[in-house]
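Asks: Quick one: sequence plus predicted model below, questions after.
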Amino acid sequence: MSQQDITEYTGKNDNSTSESGYIPRKCIGFDIAADYAHFRRVGNNSAKPSYLIPPRTTVAGLLAGIMGMPRNSYYDLFGPDSSAVAVVPKNVPHTYTMGITTVNTKADDAIQYLPEEKHYTKSAEMLTPESYIKYDRQRDTYEMLVDPVYRVYVSLKDEDVHEDLRERLEDSRYHYSPSLGLSECIAEISSVDTHTVERKDVDTIDSASYDDSGVVPTPGVSIKRERAPLYMEQFDGGRRTTAFGNLTYVADGGSLPVDGSRSYSVGPHDVAFY
């Protein structure tokens, strides 16, 4: 991504910071898996490449959807001073390029299955809705992740919302079905648990990092880094990114070498919270 792309996405706050100012004493942990996933990289339109690890903003949207929060209403709740997130890739997925045909669904009359004046016996016309002609379909190339599995750790400073999220995850009581990126990539959540968070000075972490300042390049370790959004704010009836970070992980799914400055022990994993 060029510097111009980054500036366009960051809006007025061209920040590139990332470590969460909120460090929890406890957090919720859960596994999430799907047959496919797609986390579209910013700065691309026609071809749609994917991040291999869900960006922090994607995790926030996933959890907000589970709790039934309106679009663009939850950015303060998942801000750097009110939340902490860590993602452990349990199975770094391989990718598959897939052509997907899409049709506009935003207009009020975009989907018109059977006009009222058409009789049900006109089967050919039933199978060719007017909307398919009025609103052009578009074929895009998506980079899909195959069989992704992640362990997500999250804590919210708002204790009431934190407990509501925990109960919903434990009871599989979702307002919107969880998905990994695209709504078609329906996901399964399992192994929900509550963990204590302990400060731990280690040389490697199991989670991805959303900031590479603490990452230590090591011979023989293939480290990948992707520019990704971290935090958003509501703006002019929509949203905009307020900070980006370097989404950093080990390509083969191994442990990420770090300087230990921001590592924590959570259950069976050593992670960095952001």
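Replies: Yep, that arrived. Numbering: from 1, shown residues only.

Asks: who's in contact with residue 271?
Replies: 86, 88, 153, 205, 206, 207, 263, 264 (C-beta atoms under 8 Å, 6 or more residues apart in numbering). Every residue, glycine included, has its C-beta placed from N, CA and C.

Asks: what bridges to the second one?
Replies: The residues paired with residue 88 through beta bridges, assigned by DSSP bridges, are residue 151.

Asks: Isn't it up against residue 154?
Replies: No: shown here, residue 88 and residue 154 do not form a contact pair, counting by C-beta atoms under 8 Å, at 12.0 Å.

Asks: For residue 42, give its distance to residue 150.
Replies: Distance, residue 42 to residue 150, using C-beta to C-beta, to the nearest Å: 20 Å.

Asks: and those two? which has more neighbours close in?
Replies: residue 150 (24 against 18; other C-beta atoms under 10 Å).

Asks: how about a markdown table for the contacts of residue 271, with pLDDT, distance to residue 77 and neighbour count added?
Replies: A markdown table is the format used below for the contacts of residue 271 (pLDDT from 0 to 100; distance: C-beta to C-beta, whole Å; neighbours: other C-beta atoms under 10 Å):
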| residue | pLDDT | distance to residue 77 | neighbour count |
| --- | --- | --- | --- |
| 86 | 96 | 17 | 29 |
| 88 | 97 | 22 | 24 |
| 153 | 98 | 17 | 25 |
| 205 | 96 | 25 | 26 |
| 206 | 96 | 26 | 23 |
| 207 | 96 | 21 | 28 |
| 263 | 93 | 25 | 23 |
| 264 | 96 | 21 | 25 |
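
Asks: so which of the residues you listed comes closest to residue 66?
Replies: residue 153 (15.3 Å; C-beta to C-beta).

Asks: need the contact list for that closest one.
Replies: Residue 153 touches 27-29, 84-88, 195, 207, 266-267, 269, 271, 273, counting by C-beta under 8 Å, 6+ apart.

Asks: what does residue 212 give?
Replies: So residue 212 contacts 225, 246, 248 (C-beta under 8 Å, 6+ apart).

Asks: ok, how many other residues are close to residue 197?
Replies: 20.

Asks: Then residue 37?
Replies: 26.

Asks: Determine which residue lies closest to the centroid of the chain.
Replies: For the chain, residue 58 is the residue whose C-alpha lies nearest the centre (C-alpha atoms, centre = their mean; 2.2 Å).

Asks: Wait, residue 58 touches residue 178, no?
Replies: No: assessed by C-beta under 8 Å, residue 58 is found out of contact with residue 178, at 11.4 Å.

Asks: What mean pLDDT does the longest helix seen in the chain get?
Replies: Counting residues, the longest helix found in the chain (DSSP state H) is helix 159-171. Helix 159-171 shows a mean pLDDT of 97.

Asks: With only the CA atoms kept, save the helix or strand just after that helix in PDB.
Replies: Next in sequence after helix 159-171, counting helices and strands by DSSP states H and E, comes strand 188-199. Once non-C-alpha atoms are left out, strand 188-199 reads as follows in PDB (Å, rounded to 0.1, in the frame of the first residue of the first chain):
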ATOM      1  CA  GLU A 188     -18.400 -21.700  14.600                       C
ATOM      2  CA  ILE A 189     -17.400 -20.500  18.100                       C
ATOM      3  CA  SER A 190     -16.200 -23.100  20.700                       C
ATOM      4  CA  SER A 191     -14.000 -23.500  23.800                       C
ATOM      5  CA  VAL A 192     -15.300 -20.300  25.500                       C
ATOM      6  CA  ASP A 193     -13.400 -19.700  28.700                       C
ATOM      7  CA  THR A 194     -12.400 -16.900  31.100                       C
ATOM      8  CA  HIS A 195      -8.700 -16.400  31.800                       C
ATOM      9  CA  THR A 196      -6.600 -14.400  34.200                       C
ATOM     10  CA  VAL A 197      -4.000 -12.100  32.600                       C
ATOM     11  CA  GLU A 198      -0.500 -12.200  34.000                       C
ATOM     12  CA  ARG A 199       2.500 -10.100  33.000                       C
END
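
Asks: Please consider this matter closed, and thank you.
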